[in-house]
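Peer 1: quick one, structure for this:
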Amino acid sequence: MSARFWLFLAGVNGFIAVGMGAAAAHAIADPHLAGLGEKASYYQLIHAVLLIVISSGFNPFVTFARWFMLAGLVFFCGGLYLHALQVTPSAPTAPLGGVAFMIGWALIALAALKPKP
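Peer 2: Here you go, the predicted model:
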């Protein structure tokens, strides 16, 4: 996938993060559910920026890291949003997304250790 694709995904995720953060802060009455929405927004915004930073990385570790970050965005943030909006009774995908984020960060660390050709 091209850097433009990853920049597009970063922009879409940033847009969603800001909108959902506002919704959580102003439209969700239950403080616990609002907190979940705000937490998801926070994580989504951080990882949207990260996608910008690693959008043009050519290292194989970075390539895989992008996909794991995307999975984390969908499963962690998406799961928390669904829970906060009471679409689902729980956020069963959030732990999977959290693990995906952790793997993505580990892959970025490994990319730094890979010797240059």
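
Peer 1: can you give me the helices for the chain?
Peer 2: For the chain, applying DSSP state H gives helices covering 3-26, 31-53, 60-72, 78-84, 94-113.

Peer 1: looking at those helices, which is buried most?
Peer 2: helix 78-84 (a mean of 22; mean count of other C-beta atoms under 10 Å). The C-beta positions use only the backbone N, C-alpha and C, and glycine is treated the same way.

Peer 1: need the helices of the chain in TSV with mean pLDDT, can you?
Peer 2: Formatted as TSV, the helices of the chain follow (pLDDT from 0 to 100):
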stretch	mean pLDDT
helix 3-26	95
helix 31-53	96
helix 60-72	95
helix 78-84	93
helix 94-113	95
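
Peer 1: residues contacting the nearest residue to I103 once chain neighbours are set aside?
Peer 2: Distance criterion C-beta to C-beta, 6 or more residues apart in numbering; nearest residue to I103, sequence neighbours excluded, is F68 at 4.7 Å. Contacts of F68 were listed using C-beta atoms under 8 Å, 6 or more residues apart in numbering, and they are 100-101, 103-104, 107.

Peer 1: so how far is P115 from F68?
Peer 2: 22 Å (C-beta to C-beta, to the nearest Å).

Peer 1: find the nearest non-adjacent residue to S56, please.
Peer 2: Nearest one to S56, counting by C-beta to C-beta, 6+ apart, is A3 at 4.1 Å.

Peer 1: and if you look at L50?
Peer 2: Counting by C-beta to C-beta, 6+ apart, the nearest residue to L50 once its immediate chain neighbours are dropped is M69, at 6.2 Å.

Peer 1: contacting residues for that neighbour?
Peer 2: 47, 50-51, 54, 100-101, 104 are the contacts of M69 under C-beta under 8 Å, 6+ apart.
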